[in-house]
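Novice: Any chance you could fold what I've pasted below:
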Amino acid sequence: MGKVIVLVSSKGGSGKSTIAVGLATAFSNADKKVLLIDADEGARCLDSLLSIEQNTVADLFDVLNDFDVFYDALVPVPELKGVSVILSPILNQPIDFSKLSALLKQVQEKYDYIIVDTKGQIPAERLSGLSLTADFIAVATTDFISVKNTGNLVSELSKFNIKCRLIINRFKPRDNKGKKICIDDIIDSARARLLGIVPEDKRINSFGKRPMSLSVASAAIHRIAARISGNDIKLPKIKDIL
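Specialist: Okay, the predicted model is just below:
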């Protein structure tokens, strides 16, 4: 039975989709079969990040309404062995998460990992439709609003018995005012167990025509993927990930 990972965020711009692609890359490098699901309603971007053809026979909305088109909706990622993606509709169509949960149950056995990239700011009540089949990971930046709102989202998810782990993305040791950023304060405010820290790295923002290079950010995401896989990888010191 494959592991389902749902990436959530309290706001747009956290780099959640980049994390999704990075995890898929790491799992592919480990010879795992991966399905990426773009569930970002009306703002799909995985096709751009992966540099794949945008014209598809079917999208996620079609699959949720007719499972027979599942294989028509699969788009293989040429640069990543064993990775396919289902794109969200270009138009802003609300995703039925109960139907998505049913889809995940149908295809879990076909993949080692299924990564669901959701839209930022989706209410916990809607996300709870996936709670029986998925591991939730909240992606936040060090921005005060991002951290605060992530804590609120994690708290709301807990009301549905959903535990969320935390990835701190685009980490910089100091804020725009030069003040040192405290990791413990972020964890306390986000109310989630830390899964990993990904440093700010402009080289990781675009997939381009080749797999993500092993930059410091990519290396951090590979460590996170190893932890998700059950490996005992200790969190490095901040100075060692920058």
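Novice: what about residue 128, is that helix, strand or coil?
Specialist: When classified by DSSP: H, G, I helix; E, B strand; the rest coil, residue 128 comes out as helix.
Novice: What is the neighbour count of it?
Specialist: 19 (other Cβ atoms under 10 Å). C-beta coordinates here come from the backbone N, C-alpha and C atoms, glycine included.
Novice: check contacts around it.
Specialist: 97, 157, 160, 162 (Cβ atoms under 8 Å, 6 or more residues apart in numbering).
Novice: Please tell me how far the last one sits from residue 149.
Specialist: What that stands for is residue 162. Distance, residue 162 to residue 149, by Cβ to Cβ, to the nearest Å: 16 Å.
Novice: again, but for the first one
Specialist: Distance of residue 97 to residue 149, computed by Cβ to Cβ: 20 Å.
Novice: Ok, residue 142 next?
Specialist: According to Cβ to Cβ, residue 142 and residue 149 sit 13 Å apart.
Novice: now do residue 163
Specialist: 18 Å.
Novice: quick one: which of the two has more around it?
Specialist: Legend: neighbour count by other Cβ under 10 Å for residue 163 and residue 149, higher for residue 149 (21 against 12).
Novice: what helix or strand is that one on?
Specialist: Using DSSP states H and E, residue 149 sits within helix 144-158.
Novice: Can I get that helix in PDB, CA atoms only?
Specialist: Extracted C-alpha coordinates of helix 144-158, given in PDB (Å, rounded to 0.1, in the frame of the first residue of the first chain):
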ATOM      1  CA  PHE A 144       5.400  35.900  10.700                       C
ATOM      2  CA  ILE A 145       2.000  35.700   8.900                       C
ATOM      3  CA  SER A 146       2.800  32.400   7.300                       C
ATOM      4  CA  VAL A 147       3.900  30.900  10.600                       C
ATOM      5  CA  LYS A 148       0.900  32.300  12.600                       C
ATOM      6  CA  ASN A 149      -1.600  31.100  10.000                       C
ATOM      7  CA  THR A 150       0.000  27.700   9.800                       C
ATOM      8  CA  GLY A 151      -0.500  27.400  13.500                       C
ATOM      9  CA  ASN A 152      -4.200  28.200  13.000                       C
ATOM     10  CA  LEU A 153      -4.500  25.600  10.200                       C
ATOM     11  CA  VAL A 154      -2.700  22.900  12.200                       C
ATOM     12  CA  SER A 155      -5.000  23.600  15.100                       C
ATOM     13  CA  GLU A 156      -8.100  23.400  13.000                       C
ATOM     14  CA  LEU A 157      -6.900  20.200  11.400                       C
ATOM     15  CA  SER A 158      -6.400  18.700  14.900                       C
END
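Novice: packing partners for the helix or strand just after it?
Specialist: Where DSSP H and E defines the elements, the next helix or strand beyond helix 144-158 is strand 164-171. Strand 164-171 makes packing contacts with helix 16-29, strand 135-140, helix 144-158, helix 183-190, strand 193-199 when contacts are defined by 3 or more Cβ pairs under 8 Å, 6 or more residues apart in numbering; DSSP states H and E.
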